[in-house]
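[1] Below are the sequence and a predicted model for it; my questions follow.
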Amino acid sequence: MQRIEAIRHMAQVVTQDDLLTTSIGQTWDDWWNYKPADNTFFTGILGSVTTTALGLAVSLPHRRIIAIESDGSVLLNTGVMCTLGKERPPNLTVVVMDNGIYENIGGPPTHTSANTDLAKMAEGAGCLNCATAREADEFDRQFRRMLDDGQMGYLVAKIEPWAKHKWEWKDRKATDGVEDKYRFLRYVEKLEGVVIHPGAVQN
Amino acid sequence: MEPSTQTPRYAQMFVEGLKEANVTVVAALPESLLAGVYRLCAKDNALRYIPVTNEAELPGICAGAYLAGKKGIMVMENSGLRQACEPIARFAYCHAMPLVMAMSFRGEWGERNWWGHNHAQTMEPILNALRIPFRFIARLEDIKPAIRKAYYHADSSSWPVAMVFTGECVEVPAYAKD
């Protein structure tokens, strides 16, 4: 399965009412082109994609929260699995795009290409609904189930290294991290009917 | 030795201060100097208390709470600043993310643990290097105003701030009760 296939399957199920975080890397450009709205916080911090989603999930328990992770990001902060395993937020689904390499920097292998099994790690950490999908239809089935089963989910998508699909410059994610924050924040303000970042107090 | 179950005054005021500032998410790595705070938060149903395995988890959890329109706080020992330094720096410099952190001041004047001094020696240089405004909170009456103002400061500057608790605002180590 290529990552773009998994992303396309996700785009069929994710709605404008869901909120997402994504890992840095080529996943950004893929999801940028398929996201249904500004409902994704493009997290520019490896190791903090799932934690940010956890903060969203416990704060908005009525809303589906999805973290689109990468193997490199998960491996950088594996203790998060244990925190997830304790908290088990029922509205959170973590999807790990696991290609077994650090593709953006030329392809040195991550430990998942050796002996590390992220789904088994998550299960051992206490997470619920941990699964690995190797084919696109299996990924689709598992993702749909995890989104709607009322329990947390941890889905590892074993994707092929070296993405075949390349985005042209005009189609690549064009925003920086500050714009990403404000786009997401203003989206949540409308979605939830709240004020997160007001203007200055006059005096 | 069994930990104390009594609620110290500083911890009570800390948690009251959180509630008055509308904080709902407390993410923490428990340690000894703010022990009463962790105990109180863990049993308070009005707070979502999330103990973590590593301080590097804290910034993301609090950023997520902020982006959801809620108020979160990171609570840790000052040594945790070093563990959390990378995500704090990234959230600040990449995303202009307000974060409020509270840390105990291990390595205060009179520290009798050899391993505790490096926490104090490195804390201020790191906070200054990150350009994070911080205040020492040493008196009980300063706890609530400090917490309230920390959110004003972080939110209006879109930047992290730190409160460093010491003096009357932390547990008194047994060796210091003289």
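    Great, that's in hand. Residues are numbered from 1 along each chain as shown, chains lettered A, B, ... in the order given.

[2] For the residue in chain B that chain A sits nearest to, pull up the helix or strand it's in.
    When distances are taken as Cβ to the nearest Cβ, chain B reaches nearest to chain A at B:Gly64, 2.1 Å away. Glycine gets a C-beta too; all of them are placed from N, C-alpha and C. Using DSSP states H and E, B:Gly64 sits in helix B:58-67.

[3] List, one by one, the residues from chain B near chain A.
    Contact residues (Cβ under 8 Å from any Cβ of the partner chain) of chain B with chain A: B:24-25, B:27, B:48, B:50-54, B:56-70, B:72, B:86-87, B:90-91, B:94-97, B:155-156, B:158.

[4] ok, of those residues, which come out buried?
    B:24-25, B:27, B:48, B:50-54, B:56-70, B:72, B:86-87, B:90-91, B:94-95, B:97, B:155 (16 or more other Cβ atoms under 10 Å in any protein chain shown).

[5] which residues of the chain score low on pLDDT?
    You didn't say which chain, so I picked chain A. Within chain A, the stretches with pLDDT under 70 are A:203.

[6] To clarify, I was referring to chain B.
    With pLDDT under 70 as the threshold, chain B has low-confidence stretches at B:1-4, B:173-178.

[7] For it, which residue occupies the most central location?
    Closest to where the C-alpha atoms of chain B average out (Cα atoms, centre = their mean) is B:Ala102, at 1.6 Å.

[8] Look up how far B:Pro87 lies from that one.
    Using Cβ to Cβ, to the nearest Å, B:Ala102 is found at 17 Å from B:Pro87.

[9] do the same with B:Met76
    13 Å.

[10] again with B:Pro160
    For B:Pro160 relative to B:Pro87 (Cβ to Cβ), the value is 10 Å.

[11] and what of B:Ile137?
    Computed as Cβ to Cβ, the B:Ile137 to B:Pro87 distance reads 24 Å.

[12] try B:Glu141
    33 Å.

[13] Please, where are all the strands along the chain?
    All of this refers to chain A. Here chain A has its strands, by DSSP state E, at A:19-22, A:40-42, A:65-70, A:92-98, A:130-133, A:153-158.

[14] nope, chain B please
    Under DSSP E, chain B gives strands at B:23-28, B:48-51, B:71-77, B:100-104, B:134-137, B:161-165.

[15] thinking again about what came up before, in CSV: the strands of chain A, plus distance to A:Asn33 and mean neighbour count.
    Shown next, in CSV, are the strands of chain A (distance: least, Cβ to Cβ, whole Å; neighbours: other Cβ atoms under 10 Å in any protein chain shown):
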stretch, distance to A:Asn33, mean neighbour count
strand A:19-22, 12, 28
strand A:40-42, 12, 26
strand A:65-70, 13, 28
strand A:92-98, 15, 28
strand A:130-133, 22, 21
strand A:153-158, 18, 26
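
[16] Centre-most residue in chain A?
    By Cα atoms, centre = their mean, chain A has its centre lying nearest to A:Ile68, at 1.4 Å.

[17] OK, contacts around B:Met76?
    B:Ala28, B:Leu29, B:Glu31, B:Glu55, B:Leu58, B:Ala84, B:Met101, B:Ala102, B:Met103, B:Ser104 (Cβ atoms under 8 Å, 6 or more residues apart in numbering or on different chains).

[18] which residues touch the fifth one?
    When contacts are counted by Cβ under 8 Å, 6+ apart, B:Leu58 touches A:Thr51, B:Ala27, B:Ala28, B:Leu29, B:Val52, B:Met74, B:Met76, B:Gly80, B:Ala84, B:Pro87, B:Met101.

[19] I'd like the distance between it and A:Gly79.
    Using Cβ to Cβ, B:Leu58 is found at 11 Å from A:Gly79.
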